[in-house]
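# Structure for the following, please:
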Amino acid sequence: MNYCYVIARIISDIDYKFMMEKKKYAKAVMQIELTNKSIIKAVAYNLTADYVLRNLKHGMEIAIEGELHNNEIEIKSIEISIQYIL
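So this is what the prediction gives:
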């Protein structure tokens, strides 16, 4: 398990889906651009996915704490950048 912390900008619309798995019922997927211009996929599940759908949108700068799996980050915690709010 590779834990990571990144600052990124959302560069796609958020794709939200309901799932029928045992412990995962909602999934939100988005493309993010890191500060070094790398583009990767960020995935959130369950309550975190609900938060992503309600509070985030294209172009926002965010800070993510998560696990890195095969060129995608599974989001565990997320914060909206103060610069975006101001």
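# Secondary structure class of the nearest residue to residue 45 once chain neighbours are set aside, three-state.
Excluding the flanking residues, the one nearest residue 45 by CB to CB, 6 or more residues apart in numbering is residue 24, at 4.8 Å. C-beta here means a position set from N, CA and C on the backbone, and glycine is covered the same way. Under DSSP: H, G, I helix; E, B strand; the rest coil, the three-state class of residue 24 is coil.
# Quick check, pLDDT for residue 24.
Residue 24 carries a pLDDT value of 80.
# residues near it, how many?
Around residue 24 there are 12 other residues, counting by other CB atoms under 10 Å.
# What of residue 9?
By other CB under 10 Å, neighbour count at residue 9 equals 16.
# So what sits opposite it in the bridge?
Beta-bridge partners recorded for residue 9 (DSSP bridges): residue 33, residue 61.
# all strands in this protein, in order from the N-terminus.
The residue ranges that make up the strands of the chain, judged by DSSP state E, are 2-10, 15-18, 26-34, 39-45, 61-69, 72-80.
# Throw the ones you listed into CSV and include distance to residue 53, thanks.
What follows is the strands of the chain, written out as CSV (distance: least, CB to CB, whole Å):
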stretch, distance to residue 53
strand 2-10, 12
strand 15-18, 5
strand 26-34, 6
strand 39-45, 9
strand 61-69, 14
strand 72-80, 12
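# Quick one, which of those gets closest to residue 55.
Judged by CB to CB, the one of the strands of the chain that comes nearest to residue 55 is strand 72-80, at 6.8 Å.
# Surely residue 30 is in contact with residue 53?
No: if you go by CB atoms under 8 Å, residue 30 and residue 53 don't touch, sitting 10.0 Å apart.
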